[in-house]
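Enquirer: Give me the fold of what follows.
(4 chains, ligands or ions: 6)
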Amino acid sequence: MSKLTEHLEEVTIRFAGDSGDGMQLVGTQFSDTSGFAGNEVNTFPDYPSEIRAPEGTLYGVSAFQIHFGTRNINTTGDFVDVLVAMNAASLKVNIANLRDQGIIILNTEGFDARNLKLAGYTTNPIEDGSLQKYHVVAIDMAKELKKGFIELDVPSKLIQRTKNLFALGITYWLFNRPLEATVSWINKKFKGKEDVILANVHSLQAGWNFAEKNEDFKKQYIIDKSQLAPGKYRNITGNQAVALGLVVAATKAHLPLFLGSYPITPATDILHALSGYKKYGVKHLQAEDEIAGITSAIGAAFGGSLAATTTSGPGLSLKTEAIGLAVMTELPLVIVDVQRAGPSTGLPTKPEQSDLMQAMYGRHGEAPLPVLAAASSSDCFNMTVEAARIALKYMTPVILLTDGYIGQASEPWQIPDIKSLPDITPQFASDPATFKPYLRKAETLCRQWAIPGMQGMEHRIGGLEKEDGSGVVSHDALNHQKMTELRQKKVDGIANDIPELKVIGDSEGDLLLLSWGSTYGAAKTAVEKLKGDGHNISFAHLRYLNPFPKNLGDVLHRFERVVIPELNMGQLKNLIQAKYLKSVIGINKVQGKPFKSIELEEKIKMLLSLENLNRWKANKGEVDIPVDL
Amino acid sequence: MSKLTEHLEEVTIRFAGDSGDGMQLVGTQFSDTSGFAGNEVNTFPDYPSEIRAPEGTLYGVSAFQIHFGTRNINTTGDFVDVLVAMNAASLKVNIANLRDQGIIILNTEGFDARNLKLAGYTTNPIEDGSLQKYHVVAIDMAKELKKGFIELDVPSKLIQRTKNLFALGITYWLFNRPLEATVSWINKKFKGKEDVILANVHSLQAGWNFAEKNEDFKKQYIIDKSQLAPGKYRNITGNQAVALGLVVAATKAHLPLFLGSYPITPATDILHALSGYKKYGVKHLQAEDEIAGITSAIGAAFGGSLAATTTSGPGLSLKTEAIGLAVMTELPLVIVDVQRAGPSTGLPTKPEQSDLMQAMYGRHGEAPLPVLAAASSSDCFNMTVEAARIALKYMTPVILLTDGYIGQASEPWQIPDIKSLPDITPQFASDPATFKPYLRKAETLCRQWAIPGMQGMEHRIGGLEKEDGSGVVSHDALNHQKMTELRQKKVDGIANDIPELKVIGDSEGDLLLLSWGSTYGAAKTAVEKLKGDGHNISFAHLRYLNPFPKNLGDVLHRFERVVIPELNMGQLKNLIQAKYLKSVIGINKVQGKPFKSIELEEKIKMLLSLENLNRWKANKGEVDIPVDL
Amino acid sequence: MKTLIDDILQKPHAGEMQYTSKDFKPDVDVRWCAGCGAISVLSPAQRLMPDLGIPKEKIVFISGIGCSGRFPYYMDTYGFHGIHGRALPIASGLKIARPDLSVWIVTGDGDNMSIGGNHFIHACRRNVDMNVLMFNNEVYSLTKGQYSPTSHRGQITKSSPLGALDDPFNPVALALGASASFVARGHDKDRAQLQQLLQKAHQHKGFSFVEIYTNCRIFNDGAFDLYTNAETREEHTVWLEHGMPLLFGKKKDKGIKLDGFKPTIINLNENGNSINDVLVHNEQDSTLAFILANMTYSEELPRPMGTLQNLERSSYEERVVKQIEDEVNLKGEGNLESLLLGESHWTI
Amino acid sequence: MKTLIDDILQKPHAGEMQYTSKDFKPDVDVRWCAGCGAISVLSPAQRLMPDLGIPKEKIVFISGIGCSGRFPYYMDTYGFHGIHGRALPIASGLKIARPDLSVWIVTGDGDNMSIGGNHFIHACRRNVDMNVLMFNNEVYSLTKGQYSPTSHRGQITKSSPLGALDDPFNPVALALGASASFVARGHDKDRAQLQQLLQKAHQHKGFSFVEIYTNCRIFNDGAFDLYTNAETREEHTVWLEHGMPLLFGKKKDKGIKLDGFKPTIINLNENGNSINDVLVHNEQDSTLAFILANMTYSEELPRPMGTLQNLERSSYEERVVKQIEDEVNLKGEGNLESLLLGESHWTI
Ligand SMILES: Cc1ncc(C[n+]2csc(CCOP(=O)(O)OP(=O)(O)O)c2C)c(N)n1
Ligand SMILES: Cc1ncc(C[n+]2csc(CCOP(=O)(O)OP(=O)(O)O)c2C)c(N)n1
Ligand code: SF4
Ligand code: SF4
Ligand SMILES: [Mg+2]
Ligand SMILES: [Mg+2]
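Expert: Ligands and ions are numbered 1, 2, ... in the order given. Have a look, this model is predicted:
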């Protein structure tokens, strides 16, 4: 039986099941295999916030979404094309986002009376006609698996545990994916447990075979390879990328790396990764709290390490006072904040971009420091290295903002050639004769770094105001004014050392869409779509929030309207209005979810209407679009 | 011998000496006596930052300044008219601020070789002619005192310790002040120690007599009574006023008062005062740190107390996370921040206004809360009561900003009639049948307060996002959006419940001077002076920083230029530019000192020049005046 | 100084209090993992409540963050789910402000001993009358498995893939060092024992600390099996009861004897050993409590369970109330007018 | 993994180290009040430094905030004046990153036991090799006189005008409960003793805690007079020295005897008491240390001074280094390229 094939540009598939169903595992495999196959990929794991909720419940559903295609894959996909649902709860939770005519691959075993009840279905959706607008393939996976295993001597309990690979096999057939990568991963992962390997490989193959034979699967979909730059690639999450970025930055700066941290969702993975890098000489202290996390890092920085601390909102709040100390002592320190939805404990597993104002201003006194933000999972690597570069070059703490979305989402990352990355030069003092701890370099205003062990440069620093140059404690009025200004100027001056803002599209005109952080993906996709549809719109993305790129003011004033989409109530909007007195239109969403590109597309389309433009002009820029995402 | 008298409008006197010289004591007496005499008074104690620095050193000088007069006494005085200097160091440190032709009353004993050396004088200023432009009265106080005591049987050590009262007596003569108030204070203070009373009273009188007889004192100065509203008055510092405000607010709300706090300069006096109010039923916990301070207050608030926590910058930083919890749980809480110069430990004994941005935005997530600021020492009372009113009426934490200047400075305060103050009504839930913890009142959006002990309203709250109404933990996307907006709207809505901004002077025109917090005094004085000189300038003062008064936008846009003086790098300027897109001219000073009114006067005069206005217009509002105070 | 609170407090409980444990179960799903030790602590707690004879509106459960932090949601009383590590100061503020309430804290080994460690030792010292149930699972569970301050050296977790390098706290020893007045230990596999300990903690006036070994099925399964499983626990734990000899073993034929300060095991069937040689527990002896506490991580000795220390001492909030009363008795109730007038004032 | 730090570290000290205490005195005024106990600790510390045989660029003094916090300014070594309560984690980070340094912490009873309490107990547990000198003056001095966690109940201070209601920590007992390996106590009136204790603390590998009674002239003058003044201290303190009997009194004719766990006083001139009845100190016995620690607030017993406990245990930073070395020995030094490649990658 030969089947039809169809070429597609992009697809979004979502594996959903109970927490125990192994959806994260098959999701990761599917995404790696898609990478191997030469596609652009963007993935997002969607864990329940319970550790292990009761089986079959709505809040126990675990899912993994993969968006892949030939080009322009910047988000994890607005709508799902193919939904794998291992039980009724996972269907219920995920169907809202399924595209009409989308494919549902169901495991009927998960739709028994108990499961239906737990999911809150009064009738079985497989039978009650409610799924008519989708293409449903209902499979009794247990039964199918048993068939395939008849000739094998494997315990049936083991077989049952490989249903997820069966489902994966089906999807591999659907997108004509090779099985090799997953097979070799299984062999590596379960090395020594022959029956486990056998069961898994067999199930994977059985899934493929099942789909090939089954009449409900009418077509295979082909997604052409992307035009990617030649090189080595891997899938990487933002959190992994931060960990690697720190190791690479330390290497390029020829410094030991020290991490002082305290676990907190969704930042803990960075700690996990670094705690495994012992053979790279990484030292870490899992401290008793966030304050000890950052202050131990400050101690290590005083001793000459590239020091870092990683956290999320509540932890950043606790580090507030110590960040001020790092500002005053002018020690290099990388502070990574993987933002989550607040305030307070908030929605701890959900992303938001609402720590920007805190990163900028969340300290008593005038305590300026550089703030950067990563645009995507793989960009976390670049921006971490950049944060370390700035910290070491300017002797300053730097806050790098990522969030729970890009922290946990993954995308292919072109692995850099380490040797080709530029060196980072720490600002060590060298001459005891002229040494003073607060003497500054004229160009950067950075002070000198003399660390214990350097003979003849013994000195004392701390949180009290210092005399310019000598670093001696000073309560002098004019000195305080001077030092306050110097600290500000040092940070402001970094604007000369970072790339200017690039505008994609016309460099002036009606409307500029300006994104920052993880909204990059959705914004970019929306812009490309709108341009494809013939709209005139320009786009820029900010990675540097403090200082802003030098040309930002110019860029802004060259547009009639500036639109900023943010996962907060308008924090960047606020900063920009304050600094450039340029009215900004905010698109704001605080729902614990990233933007869909379609949401932005529609908002912007609305804005682009002549009527809206006129209304805006008539109101002197005071029309905001309502937050109704 | 009868002497001349001269009438003066206002005078600034400064008592300066070694830490052990009792300058704070006589300063307080002088200021109380001036209040008794019916003058307006403004005083500032100026302690050394060391606890007890070595005698005679420059950094051991302790001073107390009193500015008093018939009208318009809003600051502690830009320049000193009369300086009492008990030793060489105190002359050295304080002479810079003495007006030409000012009077110096010196104790020659403090100008011996050792003292001169410690003060860094190579020649004796009394003799070397360097004080020519002043009117110097050099007195060997020890000798004079001994004379007077000849007939008394008092140990000479005791006599020596009353030199400060001798000096006070001199100044009382100089301004023709009655001795009674101080005499009765001495009697009360040293009750039971007859010889101490004797010695002190005698010295005071001896000082008066000395001045009356001495030829160097040619004139007595008369300062006419002020036109004060009839009523009872006392001198009060901002910190005392906060303590009293809390007690009064609790009384008017019929709630017990709870303070959870941790000592920190310059806020500790509030804790000191409240810890002495046991017989008013005040409970306080001196906690193990600031976090325990605020969280214990949150616990007390949960239990139905009017709860407060008091601190300064570093402490506010530590409370960051818990403030977010109070925002999320929507519990009433008064947070008082007596600002000091930062960042980090900074200049811990010096005032600054640099915690405004932190008060506004120093929390992770979107965590809005009301921010108020007191304008003067006595205004601390009003704004504390107001903070409590808002906290209880809207079920929200409120940050009240004062600073080390008004916290420690004192001025006469008309003691309010408690009965005439309006009641405050806590928002207690009443009906278990309809009770839900997050049901809101339509007008205020405040939720209901059900406290343990209320039967049938058992419920659970916490830091996780809540479902609207029910208060049950919710991770729902749209609910989070809704709750985030509700929290914001609740705070924004308070704008309808606070006074509109009053403009003094024309309600539109070229230039509006807008002050906030403790800059009030200097700004007001400068404006009155400028108006007196015929300049056209309008003035307004902000007590509400979040939300702003409803009419602020209107007011701002009615002026060509808005000038904001702040003891920071432009924080209110920032907020206003962000919100109203109105360019602001900042006058910024970060020197650990309040503004002098003359500084503001001069800056504004510069701005009022036609040339400056034109330049400003030409530059579309982008001319800022340089910070060179 | 009568306040609105007094009105609320003095209102008597309407109707009769005929509670059963059901009255303390709110209508919500328990969202701990199946088999989580926390679930086993919930039912003794719910069963104890009716015995307290306290109206449920006067009972408050306060927690920090961690799996244990959910506890208040499962108790139909007043509840406060605080922030990480701060349950104790929240509870202290509440209890000082409201001595009429029965205040319970549920916390974890991370919440209480890591980020909350300072509040813990100060609470021990201050002796506010409240009861702490610390769910010790020797791991951070809610954040998915990092080592905690009670994890043992070498423990492999997500943040110690090569083994943790820290030595653990011994929570009961720390509590003793901080001079807690009531210190006890129980575990999730014996609910009756646990209920008894909670009752004792409640009865004790002042700060009561109960460490509870709770199994984390997911991140540290079986950590306490030796001490909690029915098959092994008799041999590997010793129950401490005031006035009773320290006997253990399936047949209660082994005892703890002191050799100087050193606890050793004697077999009652051997060498003419007799029950008279066996150490008798005394809850009021702080040194003994410390010796017993230090048996905790011993390889040879059984692990002590039950009440290590139970001292009488006035509670902090009593002292607060008394200081106010004494002052009022001495000087009369404060007059607000004269407070405002201050030391000196004048009239215009 | 060679780094620039290695270069700095391996550079030998230029010239000979012939230090005297003067070399450790920077050219600044000491700004403590005349007669402050802190001043008396400064000189033994400065005198000790030359004896350590460590180049001064390898010595670091770290402090928090309080009067004690100024200490680093008076030591001509590297120094860090941290924020309130955080000296210990700053020091821990430094020492873990830089095991080659000699790290000293100077802190106060408020800095270390109040806001810094959590870091203190974790430092005790973790055993990073550093030396803590805690200046205990039983008051917050820098903030001008509030009660501290070591103030006694009833103490009148600015924030307890009617008397403090808290019972104090016993710092050495708390350290023992948190399993600190080296715990000692000295005071400001005997500099020779103090210098000896500091030397011992330095020699001890791991975390060393020395509580130092320091008189605050201004806010708590004379708090320790009984234990520190030459006239009374012999009668009111007992010096602890390993292997030595616990004798005290002007004529050393009184001794501490244990009655069960209870220390009692015996007079060697009475009732046929002999030196053999007197308790002999053993620094390595944790129970004894706890018993001695608990003598602290006794009305009758002399206050213990000297070394309460001195245990050998590997230091935390040693374990960190060893874990890295072991891993490198096992798997070879990390290859950054392969780390970046990760578990699976592909080539385009
Ligand atoms: C300020 C802050 N830091 C970190 C976290 C993340 N966090 C939540 S629970 C937890 C540890 C919980 O451990 P434990 O108290 O042992 O509770 P368990 O989950 O094991 O019951 C951590 C680190 C947080 N919520 N808030
Ligand atoms: C975060 C913070 N909170 C509070 C303070 C104020 N403060 C400075 S020192 C101190 C107490 C110091 O007591 P202690 O450690 O005993 O030092 P001492 O002055 O007695 O030597 C306090 C509360 C501060 N500087 N920072
Ligand atoms: S993760 Fe562990 S502690 Fe948490 S609920 Fe599950 S079993 Fe219990
Ligand atoms: S206040 Fe006390 S502790 Fe501080 S320097 Fe003076 S005497 Fe020493
Ligand atoms: Mg735990
Ligand atoms: Mg102290």
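Enquirer: How many residues are close by residue A:459?
Expert: Applying other C-beta atoms under 10 Å in any protein chain shown, we find 22 residues neighbouring residue A:459. Heads up, the C-betas are built off the backbone N, CA and C, glycines and all.
Enquirer: cool, and residue A:443?
Expert: Residue A:443 is flanked by 9 other residues according to other C-beta under 10 Å.
Enquirer: Am I right that it sits in a helix?
Expert: No: counting by DSSP: H, G, I helix; E, B strand; the rest coil, residue A:443 is not found in a helix; it is coil.
Enquirer: Would you report the backbone torsion angles of it?
Expert: Backbone torsions for residue A:443, taken as degrees, to the nearest 10, come to phi -70, psi -40.
Enquirer: which residues does it contact?
Expert: Contacts for residue A:443 (C-beta atoms under 8 Å, 6 or more residues apart in numbering or on different chains) come out as none.
Enquirer: and with 10 Å instead?
Expert: By C-beta atoms under 10 Å, 6 or more residues apart in numbering or on different chains, the contact set of residue A:443 is A:493, A:496-497.
Enquirer: Show me the residues you listed that map onto helices.
Expert: Counted as lying in helices by DSSP state H, out of the contacts of residue A:443, are residue A:493.
Enquirer: Spell out whether stretch A:464-474 and ligand 2 are in contact.
Expert: No: if you take C-beta under 6 Å from any ligand atom as the test, stretch A:464-474 misses ligand 2, and the best it gets is 10.2 Å.
Enquirer: Low-confidence regions, chain A specifically.
Expert: Filtered on pLDDT under 70, chain A yields the residue ranges A:1, A:49-50, A:150, A:620-629.
Enquirer: would you list the contacts of residue A:443 in JSON lines and tack on distance to residue A:536 and neighbour count?
Expert: Formatted as JSON lines, the contacts of residue A:443 follow (distance: C-beta to C-beta, whole Å; neighbours: other C-beta atoms under 10 Å in any protein chain shown):
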{"residue": "A:493", "distance to residue A:536": "36", "neighbour count": "15"}
{"residue": "A:496", "distance to residue A:536": "32", "neighbour count": "10"}
{"residue": "A:497", "distance to residue A:536": "33", "neighbour count": "15"}
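Enquirer: What is the nearest of the contacts of residue A:443 to residue B:578?
Expert: Of all these, residue B:578 sits closest to residue A:493, with 23.4 Å by C-beta to C-beta.
Enquirer: For that closest one, give its distance to residue B:138.
Expert: Per C-beta to C-beta, to the nearest Å, residue A:493 is found 53 Å from residue B:138.
Enquirer: And residue A:157, by the same measure?
Expert: 103 Å.
Enquirer: ditto for residue A:344
Expert: 64 Å.
Enquirer: The two: who's more crowded?
Expert: For residue A:344 versus residue B:138, the count of surrounding residues by other C-beta under 10 Å is larger for residue A:344: 27 against 18.
Enquirer: does the more buried one really touch residue B:323, like I thought?
Expert: Yes: between residue A:344 and residue B:323 there is a contact under C-beta atoms under 10 Å: 9.1 Å.
Enquirer: what sits in contact with each of the two?
Expert: Jointly contacting residue A:344 and residue B:323 under the rule C-beta under 10 Å, 6+ apart are A:317, B:363, B:367.
Enquirer: Go through those and single out the one with the most neighbours.
Expert: That'd be residue B:363 among these, by other C-beta under 10 Å, with 33 neighbours.
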